[in-house]
Each structure stands twice: as structure tokens, then as C-alpha cells.
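>>> Have a look at this prediction, sequence included:
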Amino acid sequence: MTTPADNQNEDSTDEPTMAFIVKTPFGTFTAADDLPPELRDGLIQMLEDEEMPPVLRTMLASALGVTNAQDAAPAMPVDGHASGCNCAELHRENVWGILDRAFPAEPHLWQAMEALFTLSAVNPTEIDQETRRAQLEAATLHLQRHATLNASPQSPIDQLITKFREQLDGI
């Protein structure tokens, strides 16, 4: 948005005029109808900011074609996510980025931590008891596989003892 020209007189009785221009990395938008829906919704939510000067709020609402900023705000469901929000997918992509940096060569640790991140408080999807149990079992399985693959070599006698104990467990 731009403000009135510097050569306008402050004592003038004319209302200030504003031009609607939004510059983004994806292009310059000069009309509210050209804006992507996400950007338009973000600008509408900015109208609720109490620190925004009333003149600016009025001009922005007029440029966006909004009569009442509170009525125009996108409806938020009870869980706090807008309809069509892909928060779960964004969460998953963020987790994958973290895991790729933390465990680039450890696939079992990567899988175990992904299962645990699914149970994290920042995961926007609802987790029921059955899903929780399945994720914990998956994490346990991958940690056991990692431990097996990275166990220190045993002496031949220790290997025989371990094999004998496994056979006894099967009886």
C-alpha cells in the first residue's frame, strides 16, 4: 500500500487516497481480486489488529471489498485450523527435514523418531489410543532393529549362549 503523495497539504480537507499494491516474490498484485486466497485471508486477519491506525484499516477494508473485518475473517473450526488447511502435511514435511538432518544414515532411528513425532503435541491431527499404541510399537520395533544391527560383535561362546536362551524362550 502507498500513502498520499508528499506534496499533499496536511491541512487539506480532501480525504487521503491510497493505492492497493502488494509485492510478493511471486508477483505484484494491484487488485484485491488478483490476490491468492491465502494472502487475501491474511490481509483480512490483519484488519483485526488493534494497533493498525483506523484510517489504514478503513482503506485496507475498502480495497479488499470488506465491510466489516470481523465478519470477513475466515471461519476457524473448533480445533483452530482453517478449512482446507494442510497443517498435518506441513508438520510432516518439517519433521522429515529435521530427521533428515539428524539421522542421514540411520534409517531405523529415522523411522522410530518419525513414529514418536507423530505423538508430539505439535501434531495437528487427532491421535486415538489405537494409533498411539501402533506408533509406539513401530518406534520400539525400529529401535530394536537398530540395536541389533549396531550391537557389538559377540564372542562365539556368547553367541551360543544367546542362541540357547532364544531356544529356551520358544519352549
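Looks like it came in fine.
>>> What residues of the helix or strand that contains residue 57 count as buried?
Assigned by DSSP states H and E, residue 57 belongs to helix 54-64. For helix 54-64, the neighbour count (16 or more other Cβ atoms under 10 Å) marks 56-57, 59-61, 63-64 as buried. Backbone N, C-alpha and C define where each C-beta goes, glycine included.
>>> Stretch 115-126 too?
Buried-residue list, stretch 115-126, by 16+ other Cβ under 10 Å: 115-118.
>>> can you list these in JSON lines and add pLDDT and distance to residue 131?
Converted to JSON lines, the buried residues of stretch 115-126 look like this (pLDDT from 0 to 100; distance: Cβ to Cβ, whole Å):
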{"residue": "115", "pLDDT": "90", "distance to residue 131": "10"}
{"residue": "116", "pLDDT": "88", "distance to residue 131": "13"}
{"residue": "117", "pLDDT": "85", "distance to residue 131": "13"}
{"residue": "118", "pLDDT": "83", "distance to residue 131": "8"}
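>>> I'd like the next helix or strand past the helix of greatest length in the chain.
Ranked by residue count, the top helix of the chain under DSSP state H comes out as helix 129-149. Note on helix 129-149: by DSSP H and E, the next helix or strand toward the C-terminus is helix 156-169.
>>> Check the average confidence over that following helix, would you?
Summarised as a single mean, pLDDT over helix 156-169 is 88.
>>> Only the C-alpha atoms, please, for that helix, written as CSV.
Presented in CSV, the C-alpha positions along helix 156-169 are these (Å, rounded to 0.1, in the frame of the first residue of the first chain):
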residue,chain,number,x,y,z
PRO,A,156,31.5,-67.5,19.8
ILE,A,157,30.6,-68.7,23.3
ASP,A,158,28.3,-65.6,23.9
GLN,A,159,26.7,-66.3,20.6
LEU,A,160,26.0,-69.9,21.6
ILE,A,161,24.6,-68.8,25.0
THR,A,162,22.3,-66.2,23.3
LYS,A,163,21.1,-68.8,20.7
PHE,A,164,20.4,-71.3,23.6
ARG,A,165,18.4,-68.7,25.5
GLU,A,166,16.3,-67.9,22.5
GLN,A,167,15.6,-71.6,22.0
LEU,A,168,14.6,-71.9,25.7
ASP,A,169,12.2,-68.9,25.3
